[in-house]
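Chemist: Need the 3D shape of this:
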Amino acid sequence: MKKYYERIVDKVLEDKLNSSGAVLIVGPKWCGKSTTAMQFSKRNIFMQDIETREQNINLAKNSPSFFLSGEKPILIDEWQIIPFIWDAIRFEVDKSGEFGNYILTGSATPVDASKISHSGVGRITTLFMRPMSLYESKDSNGTYSLKGLFENSYPSGATSNKTIFEYAFLTCRGGRPLSINQSEKVSLSISRNYYDSLIFENNFNNFTFVSDKYKATLRSLARNIGTSSSIKTLIDDVKASDELSISDTTINNYINYLKEIFVIEDMPAWSPSLRSKTAIRTSPTRYFIDPSIATVSLGVGPKDLINDLKTFGFLFESLAIRDLRIYAQANDGEVYHYRDKNDFEIDAIVHLRNGSWGAIEIKLNDSDQIEKACQNLLKFKNNINTEKMKEPSFLAVITASKNGYRREDGVFIIPLDCLKD
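Modeler: Modelled structure (predicted):
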């Protein structure tokens, strides 16, 4: 049996099971939802098992109470195949009044959501699960913790163990558990296999699927990763780069579908209280759930990224954003971006539910760019209206450089492979 790597989300799942009747785990395929759920479940129902699929569907339809009986918690994997079971679970939760009875996992929204008559609010809570961070895959030494930065507790320094080529490989490998501890060739093949599954296992119910336009949309999203690119920008990019004509309806359909299967995760804008009257842009920035989707969409590997550091910089940012989202979730926080009307921007704002926040810039390893990022952070801090909101708990630049430390001006320089939750 393949070794189970502890996930940061394990503790979040445990807390939710201790406070709600059922937990719905959602997230992209191959991120480890089922394996994580099985660490807590006592009975497992796999809806994609060919041998028992039809039997389980019929049993769930005709005798939902019996289908949901047995030692708890019960895991129903890929529950969206039987969306009608949602109401039955809600009823069973109400009837028992107990916590932690059911775990549902799914890598897509229900095919027929109309069969759900009640939202489940108060009975069924949702947990979003992403691919593995570098700390979870044992690729980060975790010298710095996000929690520690918020609590003003940090080490005197840290040393990265990764070369720039290793970061390029980790960007292309991605965070799927299947890829961990494999050879470079196998890991990169798994990333390509995932991409192929997006192309060949599509489930377009309401519009026509055209393979070349779909793949062109993925490439355009990859070329515009980390930006607030409009639909028009993406259409123009597809026309210019792939010499294809695509309508706004088609590209919107593809993007909405990619969101439904958790391939795209946009980052919302942050709106702080400022001393100035600067207008803040509110458009979200576009990211894939994992940077490897972008690399495969573009047809590039680690060596290609080393030969194109500009592109690598954008994809390294995507890698860092993936990890920050995982670490923020463990600290009851969210990750946002900031950009004003003058195009002054901050790559990431980690905002906790208690109102604490930290500002982060992400740069590869160019010393001039890192210095500019530090000055941006200090300028941003000085523009915050601290009479209306808290001062930042920390300012940091996440890099692929060798050493981590706190500068005299208070800005942290932190190698990505030295960070954890």
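
Chemist: Give me the neighbour count for residue 200.
Modeler: As a burial measure, residue 200 scores 8 neighbours (other CB atoms under 10 Å). The C-beta positions use only the backbone N, C-alpha and C, and glycine is treated the same way.

Chemist: Dihedrals phi and psi, it?
Modeler: phi -100, psi -20 (degrees, to the nearest 10).

Chemist: I'd like the distance between it and residue 61.
Modeler: Per CB to CB, to the nearest Å, residue 200 is found 29 Å from residue 61.

Chemist: What of residue 395?
Modeler: 56 Å.

Chemist: So which of the two has more stuff around it?
Modeler: Ranked by neighbour count (other CB under 10 Å), residue 395 and residue 61 place residue 395 first, with 24 against 13.

Chemist: neighbours around the residue nearest to residue 162 when sequence neighbours are not counted, how many?
Modeler: Leaving aside its sequence neighbours, residue 162 sits nearest to residue 417 (CB to CB, 6 or more residues apart in numbering; 4.6 Å). Per other CB under 10 Å, the neighbour tally for residue 417 reads 23.

Chemist: buried ones in the helix or strand containing residue 14?
Modeler: Per DSSP states H and E: residue 14 is located in helix 9-17. Residues 9, 12, 13, 16, 17 are the ones in helix 9-17 that count as buried (16 or more other CB atoms under 10 Å).

Chemist: Kindly report the same for stretch 284-292.
Modeler: Those would be 285, 286, 287, 288, 289, 290, 291, 292, for stretch 284-292 by 16+ other CB under 10 Å.

Chemist: Please apply the same query to stretch 346-361.
Modeler: Neighbour count says stretch 346-361 has 346-352, 356-361 buried, by 16+ other CB under 10 Å.

Chemist: what's the answer for stretch 232-248, then?
Modeler: 234, 235, 237, 238, 242, 244, 246.

Chemist: Could you do stretch 47-61 as well?
Modeler: Result for stretch 47-61 [16+ other CB under 10 Å]: buried residues 47, 56, 57, 59, 60.

Chemist: can you pull the contacts of the second one?
Modeler: With contact taken as CB atoms under 8 Å, 6 or more residues apart in numbering, residue 56 is in contact with 45, 47, 49, 67, 82.

Chemist: try it again with 7 Å
Modeler: Counting by CB atoms under 7 Å, 6 or more residues apart in numbering, residue 56 touches 45, 47.

Chemist: Backbone torsions only: list them for it.
Modeler: phi -70, psi -40.

Chemist: so how far is residue 282 from it?
Modeler: For residue 56 relative to residue 282 (CB to CB), the value is 44 Å.

Chemist: do the same with the first one
Modeler: When CB to CB is applied, the distance between residue 47 and residue 282 equals 39 Å.

Chemist: next one: the third one
Modeler: Distance of residue 57 to residue 282, computed by CB to CB: 43 Å.

Chemist: ok, now the fourth one?
Modeler: Taken as CB to CB, the spacing of residue 59 relative to residue 282 amounts to 47 Å.

Chemist: Please report how far residue 248 lies from residue 224.
Modeler: For residue 248 relative to residue 224 (CB to CB), the value is 15 Å.

Chemist: which one of the buried residues of stretch 284-292 sits closest to residue 24?
Modeler: Nearest to residue 24 among the buried residues of stretch 284-292: residue 289, at 17.3 Å, using CB to CB.

Chemist: buried ones in the longest helix anywhere in the chain?
Modeler: Identified as the longest helix of the chain according to DSSP state H is helix 309-330. By neighbour count with 16+ other CB under 10 Å, helix 309-330 contains the buried residues 311-330.

Chemist: Kindly confirm my reading that residue 349 forms part of a helix.
Modeler: No - assignment of residue 349 by DSSP: H, G, I helix; E, B strand; the rest coil gives strand, placing it outside any helix.

Chemist: How about the contacts made by it?
Modeler: 270, 336, 337, 338, 357, 359.

Chemist: which residues does it bridge with?
Modeler: residue 336, residue 359 (DSSP bridges).

Chemist: Residue 319 versus that one, what's the distance?
Modeler: Residue 349 is 18 Å from residue 319, by CB to CB.

Chemist: same deal with residue 55?
Modeler: With CB to CB as the criterion, residue 55 and residue 319 are 43 Å apart.

Chemist: repeat for residue 408
Modeler: 29 Å.

Chemist: And for residue 308?
Modeler: 15 Å.

Chemist: low-confidence ranges in the protein?
Modeler: Applying pLDDT under 70 to the chain flags the ranges 1-2, 109-122, 202-208.

Chemist: Strands along that one, start to end?
Modeler: 22-26, 43-46, 74-77, 102-106, 124-128, 144-145, 158-159, 333-339, 345-352, 357-362, 394-399, 403-406, 412-415, 419-420 (DSSP state E).

Chemist: Which elements pack onto the second one?
Modeler: In terms of contacts (3 or more CB pairs under 7 Å, 6 or more residues apart in numbering; DSSP states H and E), strand 43-46 is packed against strand 74-77.

Chemist: Pairing partners for the strand it packs on, with directions?
Modeler: Partners of strand 74-77 in its sheet, by DSSP bridges: strand 43-46 (parallel), strand 102-106 (parallel).

Chemist: and residue 226, how many residues sit next to it?
Modeler: 20.

Chemist: Residue 285 is in contact with that one, correct?
Modeler: Yes - in terms of CB atoms under 7 Å, residue 226 counts as a neighbour of residue 285; the distance is 5.8 Å.

Chemist: Counting neighbours, show which residues of stretch 142-153 come out buried.
Modeler: Neighbour-count burial for stretch 142-153 [16+ other CB under 10 Å]: 143, 144, 145, 146, 149, 150.

Chemist: List just the nearest of those residues to residue 298.
Modeler: residue 146 (29.7 Å).

Chemist: Might you report the residue contacts of the closest one?
Modeler: Contacts of residue 146 by CB under 7 Å, 6+ apart are 327, 328, 331, 350, 421.

Chemist: how about a cut-off of 6 Å?
Modeler: Applying CB atoms under 6 Å, 6 or more residues apart in numbering to residue 146 gives the contacts 327, 331, 421.

Chemist: how close does the first one sit to residue 7?
Modeler: For residue 327, the distance to residue 7 under the criterion CB to CB works out to 12 Å.

Chemist: Then the second one?
Modeler: When CB to CB is applied, the distance between residue 331 and residue 7 equals 15 Å.

Chemist: before we move on, what about residue 72?
Modeler: 21 Å.
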